[in-house]
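coordinates only, sequence not included:
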């Protein structure tokens, strides 16, 4: 059985759960938030004797190891562009840099695409969603003036994979 371990509210663990849902992979979510959390990193994937940490490594592994809708482009250039988007949107991981992250998101969507990956979400979308939710929950939502980013987040926040894996 595939196990995803992590802190309950950890956005990095959340992106791994979203990826598993997008790939329709069964998993057991094992939070470790007690008074004496295990000495593991959040997130940690354990699967058939294989163990990995670091959310971006895990989500790429899950996409590459399992069939279903690909969450990364097949071409090397397109995958490089996806990784660049992930890097640029990492500004959303820091409240002090959120404005720059929002502006980057709006700029990336200015061509009218529905998702960062084009017609369907890719790993750059999934990597950003938990941080967009966390910022919004903390009262630092996307400014209404960023129309493309606002419309994007309206679509994304109702995505089944995001809703069903949301920390409670």
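Ah, there it is. Just so you know, these numbers come straight off a predicted model, no measurement behind them.

for this structure, what are the low-confidence residue spans?
34-39 (pLDDT under 70).

all strands for it, in order.
Under the criterion DSSP state E, strands of the chain are mapped to 3-6, 28-31, 44-47, 50-53.

Most tightly packed of the ones you listed?
strand 3-6 (a mean of 22; mean count of other Cβ atoms under 10 Å). The way it works is simple: take the backbone N, C-alpha and C, and place the C-beta from them, glycine included.

which residues sit in contact with the residue nearest to residue 102 when sequence neighbours are not counted?
Of all residues not flanking residue 102 in the chain, residue 142 sits nearest, at 5.2 Å (Cβ to Cβ, 6 or more residues apart in numbering). Residues near residue 142 by Cβ atoms under 8 Å, 6 or more residues apart in numbering: 102, 105, 132, 136, 149, 150, 153.

does residue 16 really touch residue 45, like I thought?
Yes - assessed by Cβ atoms under 8 Å, residue 16 is found in contact with residue 45 at 6.6 Å.

Between the two, which contacts overlap?
4, 58, 62.

okay, the strands of the chain in TSV with distance to residue 80 next?
Output for the strands of the chain, formatted as TSV (distance: least, Cβ to Cβ, whole Å):
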stretch	distance to residue 80
strand 3-6	27
strand 28-31	32
strand 44-47	24
strand 50-53	22
